[in-house]
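>>> My questions concern the predicted model and sequence given below.
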Amino acid sequence: MMRLIKPPRLRRGDVIGICAPASPPTPAEDVGKGIQYLERLGYRVEVGRNVFKRHGYLAGTDRGRADDLNTFFSNPGIRAIFIARGGYGAHRILPLLDYSLIRRNPKILVGYSDITAIQFAILAKAGVITFSGPMVAADMSGGLSGAAEELFWRWMTSPAAPPPVTGEQLFTSRAGTRTSAEGRLIGGNLSLISALLGTEYFPSLYRPVYLLEEIGERPYRIDRMLTHMKIAGVLDRAAGVAFGRFIDCRPEQGKPSLSLEQIIQNTFHGSRYPVIPGFQYGHCRGSISFPQGVRVRCEARPMKLRFLEGGVR
């Protein structure tokens with residue numbers, strides 16, 4: 001793995017570029033309110049050319065969406081790139097991104113869900129740290145608040161490591177045999193991560209800590225994706241695995257199913273690293289933010305993620 005690069009921190013008055021490399025904002029998502037939120041905090045905003053375009057479930061063509069990202073990375077006046085929303089289609093533009101350009105011009109990039117694919121690709125191909133965090137239309141339009149908002153802006157503006165985040169006990173038992181471990185934190189949407197396995201866009205980190213979340217998937221599909229990671233050898237090389245929220249991941253009514261707890265127990269039974277459920281991360285209000293690739297210490301008792309460094313310089 002190449003040396004990782006941290007992007008420069010944000011300062012008031014900086015310009016934030018808004019783009020949609022997957023799906024366009026839905027009618028229910030008010031991008032304008034998200035932009036107003038950023039402007040109230042003292043930032044200026046530039047909106048990408050393809051944010052409001054529609055091509056099926058995509059925000060314009062693959063080339064157009066990739067061009068927005070490449071243009072923002074090449075523009076010295078843009079200091080950070082915030083994603084409007086996730087959806088579908090981020091995988092399609094991975095071969096069209098200019099990773100040499102991105103490495104030469106590291107910038108904050110924030111998103112989650114489908115954007116996990118872009119973040120993994122940038123880490124793997126450019127070695128630049130990006131951020132799993134709130135999106136302009138999907139989250140900022142409704143306003144950020146509380147500890148999650150404080151953590152997010154601390155990541156954006158300070159090179160110091162923030163305080164640890166604490167999980168809660170969702171399951172009655174743990175599968176891993178160790179109670180703590182250190183490694184570089186990477187994660188995001190399980191479907192996107194599983195789909196990248198075996199490609200050049202999957203980061204090759206030494207003993208990473210994974211933080212996984214999911215939405216709207218049946219338990220058998222989660223079972224399949226975790227098993228895919230296991231038999232591909234990815235989980236054998238992990239330092240730890242933590243779980244965020246799995247929203248609406250219920251079995252089909254009237255059909256037999258394993259529970260999510262059973263799937264995790266079966267997948268990770270006897271693993272020689274911590275396996276920690278219960279972090280407020282994913283498609284949920286108050287989701288925590290984190291930089292892809294920073295060093296952390298994960299602790300099972302009590303459940304904490306301790307950040308050992310900041311994500312910007």
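Perfect, thanks for sending it.

>>> counting contacts, what elements does the host helix or strand of residue 71 pack onto?
Using DSSP states H and E, residue 71 sits within helix 62-74. Packed against helix 62-74 by the contact rule (3 or more Cβ pairs under 8 Å, 6 or more residues apart in numbering; DSSP states H and E) you find strand 15-19, strand 78-83, helix 99-104. The C-beta positions use only the backbone N, C-alpha and C, and glycine is treated the same way.

>>> distance between the shortest one and the chain's centre?
How far strand 15-19 lies from its chain's middle: 18 Å, per Cα atoms, centre = their mean, to the nearest Å.

>>> can you give me the strands for the chain?
For the chain, the strands defined by DSSP state E cover 15-19, 44-47, 78-83, 108-111, 131-132, 165-166, 180-189, 209-215, 240-247, 275-276, 290-291, 295-300, 303-307.

>>> tell me the mean pLDDT over the fifth one?
Rounded to a whole number, the mean pLDDT of strand 131-132 is 98.

>>> Pairing partners for it, with directions?
Neighbouring strands of strand 131-132 in its sheet, by DSSP bridges, are strand 108-111 (parallel), strand 290-291 (antiparallel).

>>> Out of those, which is closest to residue 253?
Across those, residue 253 has its closest neighbour in strand 108-111 (32.8 Å, Cβ to Cβ).

>>> Let's have the strands of the chain in JSON lines, adding distance to residue 284 and mean neighbour count.
Below are the strands of the chain laid out as JSON lines (distance: least, Cβ to Cβ, whole Å; neighbours: other Cβ atoms under 10 Å):
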{"stretch": "strand 15-19", "distance to residue 284": "23", "mean neighbour count": "23"}
{"stretch": "strand 44-47", "distance to residue 284": "26", "mean neighbour count": "16"}
{"stretch": "strand 78-83", "distance to residue 284": "17", "mean neighbour count": "24"}
{"stretch": "strand 108-111", "distance to residue 284": "16", "mean neighbour count": "27"}
{"stretch": "strand 131-132", "distance to residue 284": "13", "mean neighbour count": "26"}
{"stretch": "strand 165-166", "distance to residue 284": "14", "mean neighbour count": "18"}
{"stretch": "strand 180-189", "distance to residue 284": "13", "mean neighbour count": "23"}
{"stretch": "strand 209-215", "distance to residue 284": "8", "mean neighbour count": "24"}
{"stretch": "strand 240-247", "distance to residue 284": "5", "mean neighbour count": "24"}
{"stretch": "strand 275-276", "distance to residue 284": "17", "mean neighbour count": "28"}
{"stretch": "strand 290-291", "distance to residue 284": "15", "mean neighbour count": "28"}
{"stretch": "strand 295-300", "distance to residue 284": "20", "mean neighbour count": "22"}
{"stretch": "strand 303-307", "distance to residue 284": "16", "mean neighbour count": "20"}
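
>>> quick one on the thing from earlier: contacting residues around the helix holding residue 71?
Residues from elsewhere that reach helix 62-74 (Cβ atoms under 8 Å, 6 or more residues apart in numbering): 17, 19-22, 46, 48-51, 53, 58-59, 78, 81, 89, 92-93, 96-98, 101-102, 105, 107, 118.

>>> ok, back up a step: now the helices and strands packed on helix 62-74 in CSV, please, with extra columns for mean pLDDT and distance to residue 231.
Below are the helices and strands packed on helix 62-74 laid out as CSV (pLDDT from 0 to 100; distance: least, Cβ to Cβ, whole Å):
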stretch, mean pLDDT, distance to residue 231
strand 15-19, 98, 36
strand 78-83, 98, 32
helix 99-104, 98, 29
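
>>> On the pLDDT front, check residue 175 for me.
68.

>>> what's the answer for the one 3 residues further on, then?
Model confidence at residue 178, expressed as pLDDT, equals 81.

>>> Verify the stated contact: it with residue 270.
No: when contacts are counted by Cβ atoms under 8 Å, residue 178 is not listed as touching residue 270 (11.2 Å).

>>> And the two? Which one has more around it.
residue 178 (15 against 7; other Cβ atoms under 10 Å).

>>> For the residue lying closest to residue 20 once chain neighbours are set aside, list the residues it contacts.
Once flanking residues are discounted, residue 20 sits nearest to residue 59: 3.8 Å by Cβ to Cβ, 6 or more residues apart in numbering. Neighbouring residues of residue 59 by Cβ under 8 Å, 6+ apart: 20, 21, 22, 23, 24, 50, 51, 52, 53, 65, 84, 89.

>>> Residue 59 and residue 3, how far apart?
For residue 59, the distance to residue 3 equals 33 Å [Cβ to Cβ, to the nearest Å].
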